[in-house]
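K.L.:
okay, here's the prediction I keep looking at, along with the sequence it came from:
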Amino acid sequence: MLDVEGFILVGGASSRMGRDKSRLVLGKQTVVERITLALSQVVTNVRIVGSRMNGFSSVADVHKHWGPLGGIHAALLAATTEWSLIVACDLPFVTHDLFDRLIQFCDESNEAVVPVQDDSRPQPLCALYRRSCLTAAEVSIAKGEHSPRALLDKVATRYVEFSELSDLAGSEHFFLNVNTPENYELAVKLAQRELTQQSPTVQESEGF
């Protein structure tokens, strides 16, 4: 199995949410705990990028206030494995099945593996990056570029179409971006539905 390290990006101002997105709770877990649980099933180690959180190893941003590209740069600079799986904290419905599927597309011809959402937009904040992408990230930052897309344009990127992921359970919510109170309200309802579906019925719990 490919040796991969996991990173969760928790920096950012959370201006649209109005509070720290990384500490939002869904069901009985914070969003970071949910993502960590999914990542831990497919990676060797999980670290937080951009902030300190109790119970988690952390990586500091080198280029502060540089947004997601700065977080990707910090993760790749700290990475100890050839590949890194980097996920934003506002994507709480990602799953280990999704990560496992994306890892299957990593090969010698690729430097990045990026899923495409059902609206046809690439999602670079739930993607795999080879260590060699660090150079491209540094070039982008030196040019004043802030978008991860600037990095992806400089490396061999394998875009994974949504049709290649849609057979996985929960795929319709993989890329639900929880960055506004309205998004969070929807996410709470979805998480509650998950708990309801996972809970045994009264008859099953009583052995009937």
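P.N.:
Yep, that arrived.
K.L.:
okay but residue 3 is in contact with residue 82, surely?
P.N.:
Yes. Between residue 3 and residue 82 a contact is recorded at 6.8 Å, counting by C-beta atoms under 8 Å. (Each C-beta comes from the backbone N, C-alpha and C, glycine too.)
K.L.:
give me the most central residue, this protein.
P.N.:
Residue closest to the average C-alpha location in the chain (C-alpha atoms, centre = their mean): residue 87, at 1.8 Å.
K.L.:
quick one: buried residues of the longest helix seen in the chain?
P.N.:
In the chain, taking DSSP state H as the definition, the longest helix is helix 181-198. Judged by neighbour count using 16 or more other C-beta atoms under 10 Å, the buried positions of helix 181-198 are 183, 184, 187, 190, 191, 194.
K.L.:
what segments of the chain are strands?
P.N.:
Per DSSP state E, the chain carries strands over the ranges 4-9, 25-26, 29-30, 46-49, 57-59, 83-88, 112-115, 126-130, 157-160.
K.L.:
for residue 173, which of these is the nearest?
P.N.:
strand 25-26 (11.4 Å; C-beta to C-beta).
K.L.:
direction included, what does that closest one pair up with?
P.N.:
Each strand paired with strand 25-26, and its direction, by DSSP bridges: strand 29-30 (antiparallel).
K.L.:
and the strands of the chain as CSV, adding distance to residue 97?
P.N.:
Shown next, in CSV, are the strands of the chain (distance: least, C-beta to C-beta, whole Å):
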stretch, distance to residue 97
strand 4-9, 15
strand 25-26, 18
strand 29-30, 18
strand 46-49, 17
strand 57-59, 25
strand 83-88, 13
strand 112-115, 12
strand 126-130, 13
strand 157-160, 13
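K.L.:
in JSON lines: the ones you listed, plus distance to residue 72 and mean pLDDT.
P.N.:
As requested, these are exported to JSON lines (distance: least, C-beta to C-beta, whole Å; pLDDT from 0 to 100):
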{"stretch": "strand 4-9", "distance to residue 72": "8", "mean pLDDT": "97"}
{"stretch": "strand 25-26", "distance to residue 72": "24", "mean pLDDT": "94"}
{"stretch": "strand 29-30", "distance to residue 72": "22", "mean pLDDT": "92"}
{"stretch": "strand 46-49", "distance to residue 72": "8", "mean pLDDT": "96"}
{"stretch": "strand 57-59", "distance to residue 72": "11", "mean pLDDT": "93"}
{"stretch": "strand 83-88", "distance to residue 72": "6", "mean pLDDT": "98"}
{"stretch": "strand 112-115", "distance to residue 72": "10", "mean pLDDT": "98"}
{"stretch": "strand 126-130", "distance to residue 72": "7", "mean pLDDT": "98"}
{"stretch": "strand 157-160", "distance to residue 72": "13", "mean pLDDT": "98"}
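K.L.:
among these, which is nearest residue 75?
P.N.:
Of all these, strand 4-9 sits nearest to residue 75, with 3.9 Å by C-beta to C-beta.
K.L.:
now do that closest one: distance to the chain's middle.
P.N.:
In terms of C-alpha atoms, centre = their mean, to the nearest Å, the centre of strand 4-9 is found 8 Å from the chain centre.
K.L.:
show me what that strand is packed against.
P.N.:
helix 31-39, strand 46-49, helix 67-78, strand 83-88 (3 or more C-beta pairs under 8 Å, 6 or more residues apart in numbering; DSSP states H and E).
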